[in-house]
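Asks: fold the following for me, if possible:
(one chain, ligands or ions: 2)
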Amino acid sequence: MTPNNISLTRFLIEEQRAGRVNAELRLLVEVVARACKRISIAVGKGALGGVLGEAGGEGEASINVQGEAQKKLDVIANDVLLEANAWGGHLAGLASEEMDHSMPIPDVYPRGNYLLLFDPLDGSSNIDVNVSVGTIFSVLRCPEGVTTPTDEDYLQPGTEQVAAGYCVYGPQTTLVLTVGHGTHAFTLDREVGSFLLTTRGMRIPEETKEFAVNASNQRFWEAPMQRYVGDLLAGKEGPRGKDFNMRWIASMVADVHRILTRGGIFSYPLDSKCAPKGGKLRLLYEANPMSLLVEQAGGAASTGRQRMLEVQPTGLHMRVPVFLGSKAEVEAAVSYHRSHDAGAA
Ligand code: AHM
Ligand code: MG
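Replies: Numbering: from 1, shown residues only. Ligands and ions are numbered 1, 2, ... in the order given. Prediction:
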């Protein structure tokens, strides 16, 4: 039950009255939320909708700009978001994890002042096994005087985001949103078809006893990460003096949703396999929007060496190491990197 029956629409109108969003940004968020409802329906149909498996014809997998085989639902979710956002007049352009380059809004439609970036279906390796996946999005201002934005116009640090969010398609479909004034969760009422506010002002506990990492990469990690996780695993008897629990869903959206709900630290560190690319996760489509949501809920986000939101992007598909979640634990992970680097220097 929602305490006040506040729909996303009403929430945004109240934010607009309070001067925290303008009409254009309100429309933008509503359009993204509507697209997420459509994606949620497609994900929910699974095998019945013929949407499972890889995109492309028999024997010819469709490969995206990341060099990864696309799932059918990756392509469907991308198309839904492109189609929904093209015509409303609120955007100047869009960029997607699934597309080589950004796309200006077609000339036939009016262009607005915002840029929308998204990972249409994050964690898509989980689709076929019926585990939660999600959509992540980030909103930037189109630079002053630019009418036809190109890739360079999207290379803004995360501090410039005016809104960010994700929608997790799990047992419930939940949209988590920030417009820079707290992080709020809305659950999809499937009978009514609208998102209802279920948590206003999410807060991540500062301390935690839970960490998330793909431990199968352990032998490829850098020395400070080896030491950090070694100390977590040593538990009560080790230098941290407490036992830690571990969780790894392999869907960033689902792992971050757990952390926003009950605390924890999420990490995808640098390892020798992903080092040539800079990391595994993408700065603009994954790390930045999640970092803004986490900071707005009282948590912290870092590459291990720098506050995530201050990283200057050098490319649309730039990758970074990621540590985010409960503030004290992120600071602990950062301190292992700091002392390692100081020793090395
Ligand atoms: P994707 O955008 O191609 O789905 O990849 C991102 C996902 C994250 O959701 C998740 O945290 C990570 O990749 C899982 O990686 P791994 O399979 O190495 O554990
Ligand atoms: Mg992703």
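Asks: wait, V65 sits on H317?
Replies: Yes: if you go by CB atoms under 8 Å, V65 and H317 touch, sitting 6.2 Å apart. (Glycine included, C-beta is placed from N, CA and C.)
Asks: hey, what's in contact with both of those two?
Replies: Common contact partners of V65 and H317 (CB atoms under 8 Å, 6 or more residues apart in numbering): E97.
Asks: which one of those two has more residues nearby?
Replies: H317 (20 against 13; other CB atoms under 10 Å).
Asks: contact partners for the more buried one?
Replies: So H317 contacts V65, Q66, E97, R282, L284 (CB under 8 Å, 6+ apart).
Asks: can you flag the buried ones in the residues you listed?
Replies: E97, R282, L284 (16 or more other CB atoms under 10 Å).
Asks: just those residues now: which is nearest G50?
Replies: Of all the buried ones among the contacts of H317, E97 has the smallest distance to G50: 23.5 Å, by CB to CB.
Asks: does ligand 1 sit close to stretch 311-331?
Replies: No: judged by CB under 6 Å from any ligand atom, stretch 311-331 makes no contact with ligand 1; its nearest approach is 8.5 Å.
Asks: between the two ends of that stretch, how far is it?
Replies: Length of stretch 311-331, first residue to last, CA to CA, to the nearest Å: 17 Å.
Asks: ditto for stretch 234-242
Replies: 8 Å.
Asks: for that stretch, list every residue counted as buried.
Replies: Going by neighbour count (16+ other CB under 10 Å), the buried part of stretch 234-242 is R240.
Asks: ok now it, how far from the chain's centre?
Replies: 31 Å (CA atoms, centre = their mean, to the nearest Å).
Asks: residues in contact with that stretch: which ones?
Replies: So stretch 234-242 is contacted by K209, G230, D231, L232, D243, F244, A332 (CB under 8 Å, 6+ apart).
Asks: repeat that for stretch 266-284.
Replies: 66, 95, 97, 117, 119, 138, 154, 158, 211-214, 217, 220-222, 225, 252, 255-256, 259, 287, 303-304, 308, 311, 313, 316-325, 333.
Asks: rerun that using 7 Å as the cut-off
Replies: 97, 117, 138, 154, 212-213, 217, 220-222, 225, 252, 255-256, 259, 287, 304, 311, 313, 316-325, 333 (CB atoms under 7 Å, 6 or more residues apart in numbering).
Asks: before we move on, what about stretch 44-53?
Replies: A42, K71, K72, L73, I76, I127, D128, N130.
Asks: please see if the longest helix seen in the chain touches ligand 1.
Replies: Scanning the chain for the longest helix, with DSSP state H as the assignment, gives helix 23-45. No: taking CB under 6 Å from any ligand atom as the criterion, helix 23-45 and ligand 1 are apart, separated by no less than 13.3 Å.
Asks: now that helix, how far from the centre of its chain.
Replies: 15 Å.
Asks: got CSV for the contacts of stretch 234-242, with pLDDT and secondary structure too?
Replies: CSV is the format used below for those (pLDDT from 0 to 100; DSSP: H, G, I helix; E, B strand; the rest coil):
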residue, pLDDT, secondary structure
K209, 97, coil
G230, 97, helix
D231, 98, helix
L232, 98, helix
D243, 98, coil
F244, 98, coil
A332, 98, helix
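Asks: any of those buried? List them.
Replies: K209, D231, L232, F244, A332.
Asks: so what's the last one closest to, chain neighbours aside?
Replies: Closest residue to A332 apart from its sequence neighbours, by CB to CB, 6 or more residues apart in numbering: Y228 at 7.4 Å.
Asks: number of residues surrounding the one you found?
Replies: With other CB under 10 Å as criterion, Y228 counts 28.
Asks: how about Y154?
Replies: For Y154, using other CB under 10 Å, the count is 23.
Asks: give me the nearest residue to it, chain neighbours excluded.
Replies: A95 (5.3 Å).
Asks: same check, this time on G230
Replies: In space, G230 is closest to G238, 7.9 Å off (CB to CB, 6+ apart).
Asks: can you check G165 too?
Replies: Here the residue nearest G165, using CB to CB, 6+ apart, is L177, at 4.0 Å.
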